[in-house]
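A.B. asks: here is a sequence together with a model predicted from it:
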Amino acid sequence: MKLLSDRSLESACTRLASKNPDFRVVINVHGTPPLWDKPESFASLIDIILGQQVSLASAKACFDKLEAMIGNITPDNYLELSDKDLRSIGFSRQKTSYGRNVARAINDGSLDLRGLRKLEDTEVRIELEKIKGIGRWTSDIYLLMAMLRPDVIPKGDLALHIAWQKLAGLDERPNADEFLETAEDWKPYRSVAARLLWHFYLSEIRPLKAEEEEI
């Protein structure tokens, strides 16, 4: 299985753009998106869990505070923290629990992050989603950013839906299932399409939202 890299990402963007004029516009205006890669680690899973249904800024702030508090974000270091410690840096009760579930699963061997490399995407999702707190979006983001699988589109990612509506000039925002159906046309580079849409969102839509909030 060929994983994404900076080099293959650029090549795949060119291929997608040759078939889809909307993606061609993104590349022509904003260039190739970043790889946005993460290590295959407990820390990355915590980072992604923190990003569930919150803004990028608030998730990053919480993750940075965790890193400042314990240094190396490992299962053992995380489990040493009390609920009060985690609440003080922005963890909700729910996400505190989710983090503990992941840490214990890694420590007891029921989740083998290195072993996931041998599995197909669907099998990786099954293994990750056995843990309470990891659903489809979280497992998809881990596949896409940490494992660098080339053909994953995160289900239910609102930023992707918003970006596609604006980029494609749709009257209505697609729901999760409609968006997944559209993404079938982007195989075998759905992970690349996701990066292009995030790139478009961060470059054109998010700045407008920030301006509106300031008015």
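C.D. replies: Received, thanks.
A.B. asks: can you tell me the centre-most residue of this structure?
C.D. replies: Ile141 (3.3 Å; CA atoms, centre = their mean).
A.B. asks: residues in contact with that one?
C.D. replies: When the contact criterion is CB atoms under 8 Å, 6 or more residues apart in numbering, the partners of Ile141 are Ile48, Gly51, Pro154. (C-beta placed from N, C-alpha, C; glycine too.)
A.B. asks: can you check the pLDDT for the residue lying closest to the last one once chain neighbours are set aside?
C.D. replies: Yep, that's Pro154 we're talking about. Nearest non-adjacent residue to Pro154, counting by CB to CB, 6 or more residues apart in numbering: Asp140, 4.0 Å away. On pLDDT, Asp140 comes in at 98.
A.B. asks: now Ser110: phi and psi?
C.D. replies: In terms of degrees, to the nearest 10, the main-chain angles of Ser110 are phi -70, psi -20.
A.B. asks: how far away is it from His30?
C.D. replies: With distances taken as CB to CB, to the nearest Å, Ser110 is found 42 Å from His30.
A.B. asks: equivalent analysis for Leu143, please.
C.D. replies: With distances taken as CB to CB, Leu143 is found 24 Å from His30.
A.B. asks: more crowded one of these two?
C.D. replies: Neighbour tally, Leu143 and His30, criterion other CB atoms under 10 Å: the higher count belongs to Leu143, 22 against 14.
A.B. asks: got a list of what the more buried one touches?
C.D. replies: Contacts of Leu143 by CB under 8 Å, 6+ apart are Asp121, Val124, Arg125, Arg149, Val152.
A.B. asks: got it, and Phe23?
C.D. replies: For Phe23, the contact set (CB under 8 Å, 6+ apart) comprises Cys13, Leu16, Ala17, Ala193, Leu196.
A.B. asks: among the contacts of Leu143, which are located in helices?
C.D. replies: Among the contacts of Leu143, the members falling in helices (DSSP state H) are Asp121, Val124, Arg125.
A.B. asks: return the member of those residues nearest to Glu67.
C.D. replies: Nearest to Glu67, judged by CB to CB, of the ones in helices among the contacts of Leu143 is Val124 at 25.5 Å.
A.B. asks: what is the least confident helix or strand in this structure?
C.D. replies: helix 206-214 (a mean of 53; mean pLDDT, DSSP states H and E).
A.B. asks: about what we covered before: tell me which element the residue nearest to the centre of the chain is part of?
C.D. replies: Counting by DSSP states H and E, the element that carries Ile141 is helix 136-141.
A.B. asks: quick check: domain ranges of this protein?
C.D. replies: Domains of the chain are assigned by automatic domain parsing as 6-35+152-209, 42-146.
A.B. asks: residue ranges with poor pLDDT in this protein?
C.D. replies: 1, 208-215 (pLDDT under 70).
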